[in-house]
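Visitor: How does the following fold in three dimensions:
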Amino acid sequence: MQEGGRARMASWAVFALTLVALGAVALRPNLSPFWADEAYTVLAVRARSWAELLLINLRNEETPPLYFAIAHLWARLWADSHEPTLRLLSTLSFAGCVPLTALIGARLWSPKVGLGGALLLAVNPFALYYAEEARAYAVGTLLGLIVACAAIAYVQRPGPRWWAVATLSGTALCYTNYFGGLTLAGLALAAGVLLLTTARRNRGQQAWLALAGWVAAQALILLLLLPWLPAVRYQIETAAATALPASQNVGLQYGLGLLALVVAFPDGGTLSMLLLALALLLLPLSVVWGAWQASGEQRLWLAGGLLVPTVATLLVLKGDGQFVPRYLLLAQPWLLLLIAATVLTPHWQRPALRRVGPTLLVLLAVGGLAYWLTMAPNPRRMGGWHEIAAQVAVQAYPGDAVFFAPPWARAPFVVQYDGPPLTLYGAESFAGYYYEGGRPFAANEFELAALQRQLAGGGRAWVVWDKIYGERPQGLDGLTVKETRYGSTGLLLVLP
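Guide: Numbers count the residues shown, from 1 in each chain. Below is the predicted model:
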């Protein structure tokens with residue numbers, strides 16, 4: 001077949017894989033109400049001004065503001081900010097990652113490897129999970145791939161167009177996901193080493209100018225980030241006040257994070273355990289192949305897109321592995337490309353083994369899609385915040401108090417479908433509730449003494465708690481308690 005015909009077939013195959021990714025989401029849509037993290041997105045999206053959006057971002061997030069600004073504009077475009085609309089932004093961003101993954105694979109390995117990596121991404125349960133979440137992960141992954149494509153193109157053919165794309169997308173990535181800065185650093189270092197090698201080998205003026213232009217692009221990105229650095233410091237200090245205790249088994253956390261990127265976390269079922277076994281086979285095999293069989297250029301890009309950001313993320317989190325896997329999402333396309341390169345690159349010498357690699361890839365893809373379509377819903381997405389808000393709004397008496405255990409479960413309660421009457425919290429307005437006294441929230445945190453004072457005064461107490469974040473509030477023995485369950489979230493009505 002002629003080269004032009006192969007290119008057209010490859011383009012149609014990439015288009016088909018993009019449709020597969022969209023179809024996988026459509027076949028198993030996330031019909032759950034907004035869960036806690038998504039509720040913070042809604043809070044920013046429904047801000048009445050850009051100043052209020054930035055204030056909400058500062059006081060409620062550990063994430064930069066660009067995704068929320070995009071989601072705000074997206075919601076205004078559709079005149080809607082409910083679940084399907086906001087989650088569609090993530091779904092379309094994820095779909096855009098598929099052709100970019102294929103392009104990177106084709107540029108660094110071969111069209112076949114690019115298609116293999118795009119296939120694995122399109123049906124990956126972990127990626128599909130975050131393609132249905134109204135948070136910044138899918139948008140950040142898309143921007144990370146744009147940076148990678150621009151960096152590779154600039155190294156291969158330096159010029160102002162790819163310089164501008166790399167600079168703008170790199171800045172946007174850092175304003176979307178703080179861990180994107182680690183990905184940007186890795187890719188910038190890989191591109192810089194390759195440009196330096198070319199300049200030293202060719203000793204031409206154009207090669208040195210290309211290297212200088214790349215260094216200038218990174219300096220410009222840092223300059224564009226300077227205005228946000230005070231906000232970063234504020235968010236870090238705020239997050240440190242509520243940090244969870246760190247686990248010490250860093251190696252185990254890193255390994256589990258990589259396994260999650262390949263097949264998602266197993267739910268104990270037969271299919272998930274088979275996929276886990278396949279991932280345990282392919283992951284070390286791919287690492288060995290990447291270390292010994294890949295070319296020097298391929299190793300550099302794999303180090304920049306995969307090794308540097310994942311190891312640096314783990315070190316930044318200091319061993320607290322609870323949130324590691326989703327922060328590694330930016331590296332997932334690179335890991336899947338490495339697996340595709342391992343099983344599809346013709347290094348299987350014996351004829352009997354030539355079909356083993358493609359067979360393993362097909363098994364991983366088919367198994368991943370089947371697991372995605374049959375896996376049980378994540379319990380953290382099942383909190384019925386809007387039902388709780390409606391129940392309290394209808395059944396609360398004047399003088400009732402609402403308590404939250406743990407305190408960070410408060411935002412969804414208020415945000416979801418406009419929440420309960422703000423007068424329950426002694427607030428006259430939405431802005432007063434959130435910003436009065438310079439604190440992000442003014443609602444009651446659960447304290448047994450405060451609840452007892454409420455009951456002693458003849459008032460009733462509502463207690464909202466979520467088993468995903470903590471145990472059922474203690475100290476209620478001997479009291480009259482009525483409990484209503486909404487998925488993982490409970491609503492307790494404590495009577496005097």
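
Visitor: how far away is the residue nearest the centre of the chain from Thr176?
Guide: Central residue check for the chain by CA atoms, centre = their mean: the C-alpha nearest the mean position is that of Tyr137, 2.7 Å away. Distance check for Tyr137 against Thr176: by CB to CB, to the nearest Å, it reads 10 Å. Heads up, the C-betas are built off the backbone N, CA and C, glycines and all.

Visitor: For the stretch 251-400 of the chain, give me the ranges with low pLDDT.
Guide: Along the stretch 251-400 of the chain, segments meeting pLDDT under 70 span 251, 318-324, 346-353, 376-386.

Visitor: Now the residue nearest to the centre of the chain. Nearest residue, chain neighbours left out?
Guide: Take Tyr137 and drop its neighbours on the chain: the residue closest to it by CB to CB, 6 or more residues apart in numbering is Tyr130, 4.4 Å away.

Visitor: Repeat that for Glu297.
Guide: Leu194 (6.5 Å).

Visitor: And for Pro473?
Guide: Counting by CB to CB, 6+ apart, Ala405 is the residue found nearest to Pro473 once chain neighbours are left out, at 4.7 Å.

Visitor: Could you give the bridge partners of that neighbour?
Guide: Each beta-bridge partner of Ala405 is listed here: Trp465, as defined by DSSP bridges.

Visitor: Isn't it up against Trp462?
Guide: No. With contact defined as CB atoms under 8 Å, Ala405 and Trp462 do not form a contacting pair (11.1 Å).

Visitor: What number of neighbouring residues does Leu330 come out with?
Guide: The burial count assigned to Leu330 is 29, neighbours taken as other CB atoms under 10 Å.

Visitor: nope, Leu278 is what I meant
Guide: Here the count is done by other CB under 10 Å, and Leu278 has 17 residues near it.

Visitor: Contact partners for it?
Guide: Contacts of Leu278 were listed using CB atoms under 8 Å, 6 or more residues apart in numbering, and they are 263, 360, 363-364, 367.

Visitor: what's the helix or strand for it?
Guide: helix 270-292 (DSSP states H and E).

Visitor: List the buried residues in that helix.
Guide: Along helix 270-292, these residues count as buried under the neighbour rule (16 or more other CB atoms under 10 Å): 271-272, 275-276, 278-279, 282-283, 286-287, 289-290.

Visitor: Kindly confirm my reading that Val494 is in a strand.
Guide: Yes. Assessed by DSSP: H, G, I helix; E, B strand; the rest coil, Val494 belongs to a strand.

Visitor: residues touching it, list them.
Guide: 451, 455, 460-463, 476, 479-481.

Visitor: Who is it paired with across the strands?
Guide: When bridges are called by DSSP bridges, Val494 pairs up with Ala461, Val481.

Visitor: I figured Gln235 hits Arg59, correct?
Guide: No. Distance between Gln235 and Arg59: 9.0 Å, which falls outside the contact criterion (CB under 8 Å).

Visitor: Mind checking which of the two has more residues around it?
Guide: Gln235 (20 against 17).

Visitor: Ala148 in helix, strand or coil?
Guide: The three-state label given to Ala148 by three-state DSSP is helix.

Visitor: That one is in contact with Leu187, isn't it?
Guide: Yes. Applying CB under 8 Å, one finds Ala148 in contact with Leu187, separated by 5.6 Å.

Visitor: Looking at these two, which one has more neighbours?
Guide: In this comparison of Ala148 against Leu187, neighbours counted by other CB under 10 Å, the higher total goes to Ala148 at 30 against 27.

Visitor: any idea of the pLDDT on that one?
Guide: Per-residue confidence for Ala148 comes out at a pLDDT of 98.

Visitor: which residues does it contact?
Guide: The neighbours of Ala148, taking CB under 8 Å, 6+ apart as the test, are 100, 104, 187, 301, 305.

Visitor: Of the residues you listed - the most surrounded one?
Guide: Neighbours here are counted as other CB under 10 Å. On that basis the top member of the contacts of Ala148 is Gly305, with 30 neighbours.

Visitor: ok, that one - contacts?
Guide: Neighbouring residues of Gly305 by CB under 8 Å, 6+ apart: 148, 183, 186-187, 190, 331, 333-334.

Visitor: can you do 10 Å?
Guide: Taking CB atoms under 10 Å, 6 or more residues apart in numbering as the definition of contact, the neighbours of Gly305 are 104, 108, 144-145, 147-148, 151-152, 183, 186-187, 190, 330-335, 337-338.

Visitor: swap in Asn202?
Guide: Trp208.

Visitor: Tell me how many other residues crowd Thr197.
Guide: In terms of burial, Thr197 registers 16 neighbours under the definition other CB under 10 Å.

Visitor: Sticking with it, tell me its helix or strand.
Guide: Take DSSP H and E as the rule and Thr197 turns out to sit in helix 180-202.

Visitor: got the buried residues for that helix?
Guide: Of the residues in helix 180-202, those with enough neighbours to count as buried (16+ other CB under 10 Å) are 180-188, 190-199.

Visitor: Heading C-terminal from that helix, find the next helix or strand.
Guide: Reading on from helix 180-202 to the C-terminus, the next helix or strand found by DSSP H and E is helix 205-225.

Visitor: And the next helix or strand past that following helix?
Guide: Assignment by DSSP H and E places the next element after helix 205-225 at helix 229-240.

Visitor: Which elements pack onto the helix or strand following that following helix?
Guide: Proceeding C-terminally, helix 229-240 gives way to helix 250-263 as the next helix or strand, assigned by DSSP H and E. In this structure, helix 250-263 makes packing contacts with helix 125-130, helix 270-292, helix 308-316, helix 324-327, helix 332-344, helix 356-374, judged by 3 or more CB pairs under 10 Å, 6 or more residues apart in numbering; DSSP states H and E.

Visitor: of those helices, which approaches Leu17 most closely?
Guide: Proximity of these to Leu17 was assessed by CB to CB; the nearest stretch is helix 356-374, lying at 10.0 Å.

Visitor: Nice, that's everything, thank you.
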